[in-house]
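Visitor: pasting the sequence and the predicted coordinates here, then a few questions.
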Amino acid sequence: MWFKKRKVKLFHHPLVEELEREAVGIMNIQFFTSELETLERLSEEEQRQSEIEISELLSIFEMQQTDLLNFTCFSYTKESNVSPEEEYPSGEEPSRNERTKENKSLGLSKGFSITYSIYFYFLLHNKLSQLDNYLVKRRIPNSKQFGKRLKQYFENFKHPRSSESYIQYAAGYDKDNVTIDDIDKALTDIHEMDEEHGAFWISVFVGDKEHLVEVNKRARLSILFGEDEEWKYECKDWKEVKSILCYLIQENIEKVREATSK
């Protein structure tokens, strides 16, 4: 007996849902799940317009989950802080009154990782003209500028600047160019450390300033912004610790300030 092959759908796929839960936790943003039928329909439309096989997108979630997660968090965080001067071509910046009407995203809707997997696919396979055409087809505002930023995010994500950041354990271990994987490892390792060596710190250089966050076994943070500001903060759980450290390695210093000055 012949059985019709079941069509794979990404929107409710366990791997997609797992990545979205982790990304939302890392970035500590709102996650919208209302009107699921509409969101699913819109997601399927963007998949169709990309002309990428569903199996190709699914393989990214299966084989390159960590890279996709890092790219998604890095790109979203950077894009959330884009200024009007960066978002619009020279000479086409909105007036001050128009800027006040623009609303920055406060969160993401279910299915957002599928959008980023499409960007990731085009960039990974160096299909840059296809990416540009796709953004136009999707009617992304200022798609040319947005496409340029996506390419830059991907390059920065794949080839971080040397010694941009480092992590060091009180026991002596150290490593340059900190990633989310390094944060996960440190948060696991700290539970095995003794009281004398039960701490690690991550430092990030932004311009000529060094910003540092030290973490101890009780999820208490010692934070240094440049040479001028220093304070302490006690996290409610290890999930919050990870979120703050992810902001730090993404060079989102204002988010670190906001999260630790409650």
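Guide: Structure received.
Visitor: show me where the chain dips below the pLDDT cut-off.
Guide: Low-confidence segments of the chain, defined by pLDDT under 70, span residues 1-7, 83-105, 158-163, 262.
Visitor: where does the spatially most central residue of it sit: helix, strand or coil?
Guide: Most central in the chain under C-alpha atoms, centre = their mean is Cys73, positioned 0.5 Å from the mean C-alpha point. Per DSSP: H, G, I helix; E, B strand; the rest coil, the local secondary structure of Cys73 is helix.
Visitor: could you do His197 as well?
Guide: coil.
Visitor: try the one 5 residues further on
Guide: When states are read from three-state DSSP, the local structure at Ile202 comes out as strand.
Visitor: now it: closest residue in space that isn't a chain neighbour?
Guide: Ile167 (4.9 Å; C-beta to C-beta, 6 or more residues apart in numbering). C-beta here means a position set from N, CA and C on the backbone, and glycine is covered the same way.
Visitor: now Phe122
Guide: With C-beta to C-beta, 6+ apart as the criterion, Phe122 has its nearest non-adjacent residue at 3.8 Å, and that residue is Leu131.
Visitor: about what we covered before: phi, psi for the residue nearest to Ile202 please.
Guide: phi -120, psi 140 (degrees, to the nearest 10).
Visitor: picking up where we left off before, measure the residue nearest to the centre of the chain to Asp181 for me?
Guide: Separation of Cys73 from Asp181 (C-beta to C-beta, to the nearest Å) stands at 12 Å.
Visitor: now the common contact residues for these two.
Guide: Counting by C-beta atoms under 8 Å, 6 or more residues apart in numbering, no residue touches both Cys73 and Asp181.
Visitor: confirm that Ile190 sits in a helix.
Guide: Yes: according to three-state DSSP, Ile190 belongs to a helix.
Visitor: hmm, it is touching Ala219, no?
Guide: No: using C-beta atoms under 8 Å, Ile190 is not in contact with Ala219, being 9.1 Å away.
Visitor: residues near Phe32, how many?
Guide: 14 (other C-beta atoms under 10 Å).
Visitor: residues touching it, list them.
Guide: Counting by C-beta under 8 Å, 6+ apart, Phe32 touches Gly107, Leu108, Ser109, Lys110.
Visitor: so Phe31 makes contact with Gly25?
Guide: No: assessed by C-beta under 8 Å, Phe31 is found out of contact with Gly25, at 9.3 Å.
Visitor: show me how the record splits the chain into domains.
Guide: 14-158, 165-260 (automatic domain parsing).
Visitor: out of these, which comes closest to Val8?
Guide: Of all the domains of the chain, it is domain 14-158 that lies closest to Val8, at 5.3 Å by C-beta to C-beta.
Visitor: how far off centre is that closest one?
Guide: Taking C-alpha atoms, centre = their mean, to the nearest Å, one finds the center of domain 14-158 at 10 Å from the center of the full chain.
Visitor: please apply the same query to stretch 142-160.
Guide: With C-alpha atoms, centre = their mean, you get 13 Å for stretch 142-160.
Visitor: ok, stretch 11-19 next?
Guide: 17 Å.
Visitor: just the buried positions in that stretch, please.
Guide: Going by neighbour count (16 or more other C-beta atoms under 10 Å), the buried part of stretch 11-19 is Phe11, His13, Val16, Leu19.
Visitor: so which of these are in helices?
Guide: Val16, Leu19 (DSSP state H).
Visitor: from the buried residues of stretch 11-19, which is closest to Ser50?
Guide: Nearest to Ser50 among the buried residues of stretch 11-19, with distances taken as C-beta to C-beta, is Phe11, at 14.3 Å.
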